[in-house]
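S.K.: no sequence for this one, just the structure:
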């Protein structure tokens, strides 16, 4: 859990990124900010995120926003952010999904040509049928 990134709820539908930045600046140095905007309507979905330069500013912001009618807490790390953080940057192993059920290992190797394939595997179920996922290194 990050001690500098906070989640703010109960934002007005008219809240913009710029407005959220100005609100958050009351409490400290804003490193990043994002009001979540609905792509169809262009209006704020009612929540956003602000990252501060240090944990003390984030704590001050949580108190300030709470005292001013907003619901707030420390932001939780998203699943995709956690995967990026935990990724082995030296790995050359590629995970594949949505492979055709009848896809063969030879076809998979050909898909990656002209790159050198060190190893590959299509995962199967207990009956030996493809699960539609695999790995190529």
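M.R.: Happy to help now that I have it. Because the structure is predicted, anything quoted here is derived from the model rather than measured. Numbers count the residues shown, from 1 in each chain.
S.K.: all contacts plus neighbour counts: C-alpha atoms, from now on.
M.R.: Noted.
S.K.: what lies in contact with the host helix or strand of residue 47?
M.R.: Under the assignment given by DSSP states H and E, the secondary-structure element containing residue 47 is strand 44-52. Strand 44-52 is touched from outside by 4-16, 20-21, 24, 28-38, 58, 75, with contacts defined as Cα atoms under 8 Å, 6 or more residues apart in numbering.
S.K.: got it, and stretch 109-119?
M.R.: Contacts for stretch 109-119 (Cα under 8 Å, 6+ apart): 120, 136-137.
S.K.: how close does residue 11 sit to residue 89?
M.R.: Taken as Cα to Cα, to the nearest Å, the spacing of residue 11 relative to residue 89 amounts to 38 Å.
S.K.: which residue sits closest to residue 58, ignoring its sequence neighbours?
M.R.: Here the nearest residue to residue 58 in space, its sequence neighbours aside, is residue 4; by Cα to Cα, 6 or more residues apart in numbering that works out to 5.2 Å.
S.K.: element containing residue 35, please.
M.R.: In this assignment (DSSP H and E), residue 35 forms part of strand 30-37.
S.K.: neighbours of residue 28, how many?
M.R.: Applying other Cα atoms under 10 Å, we find 16 other residues in the vicinity of residue 28.
S.K.: am I right that it is in contact with residue 55?
M.R.: No: the pair residue 28 and residue 55 does not pass the contact test of Cα atoms under 8 Å, sitting 10.2 Å apart.
S.K.: residues in contact with the helix or strand bottoming out on mean pLDDT in the chain?
M.R.: When each helix and strand of the chain is scored by mean pLDDT, DSSP states H and E, helix 79-86 comes last, with a mean of 73. Helix 79-86 is touched from outside by no residue, with contacts defined as Cα under 8 Å, 6+ apart.
S.K.: before I go, just wanted to say thanks for your time.
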